[in-house]
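J.: Quick one: sequence and predicted model below, then my questions.
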Amino acid sequence: MIMRLGLLRAIMIFSVIVVAVIVGAAVFQPARQQASVADTFSRPLTMPVKGVASSNVRDTFDESRGTERKHEATDIVAPRGTPVVAVDDGIIKKLFLSKPGGNTLYQFDPTEQYAYYYAHLDGYAAGIQEGMMVKRGDVIGYVGTTGNAQNTPHLHFGIFKLGPEKRWWEGTPINPYPILMPTSSRTKSPRPAAG
């Protein structure tokens with residue numbers, strides 16, 4: 001009986017260790033994936049909000065939003081109605097109204113490896129529609145406060161590495177901030193937020 005209890009205890013301890021290792025690997029896997037994808041992202045992108053200097057953009061990717069999620073995007077503050085432009089050539093895959101993102105637009109890059117996500121738009125530019133090809137710098141929408149943006153007009157801009165299914169609503173998030181920064185400012189600290 002004592003030997004059985006000892007064996008049972010050893011099996012339980014071993015099981016707890018195995019579960020901890022598996023859970024730990026699962027928890028830390030996305031962070032490693034996100035970093036490696038960002039390191040290999042080689043497409044040059046245009047600042048998605050016209051007239052905004054890179055020095056006025058903060059890295060908000062890892063900030064918490066509520067208690068359950070990370071931001072996984074860069075917020076670019078600008079006056080309502082400021083033109084939002086395509087960061088890259090590509091195709092408009094989805095125009096979507098969502099509760100958190102408001103008026104949103106998903107654009108795929110020309111290779112359909114990456115999705116660019118533009119949210120809280122005040123509206124879309126005239127003629128913008130799903131399936132439309134756009135060029136880098138084309139106006140696609142306007143900065144707004146739709147969705148859960150509250151009272152601060154801004155563009156919520158995200159990048160996702162697409163999976164083989166090419167689903168616009170899925171993908172591995174990539175931090176846009178270092179990609180949008182000029183090479184010379186990538187090593188500098190981001191400017192602190194006002195107030």
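T.: Nice, I can see it.

J.: For the protein, which segments count as strands?
T.: 64-65, 69-70, 74-77, 83-85, 90-98, 102-108, 114-124, 133-134, 139-143, 154-161, 172-174 (DSSP state E).

J.: Between those strands, which one is closest to Ala53.
T.: strand 74-77 (10.5 Å; Cβ to Cβ). To be clear about C-beta, it is placed using only N, CA and C from the backbone, and glycine gets the same treatment.

J.: now Val77, which residues is it bridged with?
T.: Beta-bridge partners for Val77, by DSSP bridges, are His154.

J.: Let me see the ranges of the helices in this protein.
T.: Counting by DSSP state H, the chain has helices at residues 2-40, 176-180.

J.: circling back: same list (the strands of the chain) but as CSV, adding distance to Val57.
T.: Shown next, in CSV, are these (distance: least, Cβ to Cβ, whole Å):
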stretch, distance to Val57
strand 64-65, 18
strand 69-70, 18
strand 74-77, 6
strand 83-85, 14
strand 90-98, 21
strand 102-108, 19
strand 114-124, 15
strand 133-134, 22
strand 139-143, 13
strand 154-161, 9
strand 172-174, 16
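
J.: Lowest average confidence across the helices of the chain, which one?
T.: Here the helices of the chain differ in mean pLDDT, and the lowest is helix 2-40 at a mean of 50.

J.: remind me which residues of this structure are low pLDDT?
T.: 1-40, 61-71, 183-195 (pLDDT under 70).

J.: mind redoing it with 90?
T.: 1-44, 53-74, 100-101, 147-151, 166-195 (pLDDT under 90).

J.: Surely Asp109 is in contact with Asp89?
T.: Yes. With contact defined as Cβ atoms under 8 Å, Asp109 reaches Asp89; the gap is 7.3 Å.

J.: neighbour count winner among these two?
T.: Asp109 (18 against 15; other Cβ atoms under 10 Å).

J.: residues contacting that one?
T.: Going by Cβ atoms under 8 Å, 6 or more residues apart in numbering, Asp109 touches 43, 88-90, 115-116.

J.: Narrow the residues you listed to those that are buried.
T.: Among the contacts of Asp109, those classed as buried by 16 or more other Cβ atoms under 10 Å are 43, 88, 90, 115-116.

J.: before we move on, the earlier item: please name whichever of the strands of the chain is nearest to Asn56.
T.: Per Cβ to Cβ, nearest to Asn56 of the strands of the chain: strand 74-77, 7.6 Å.
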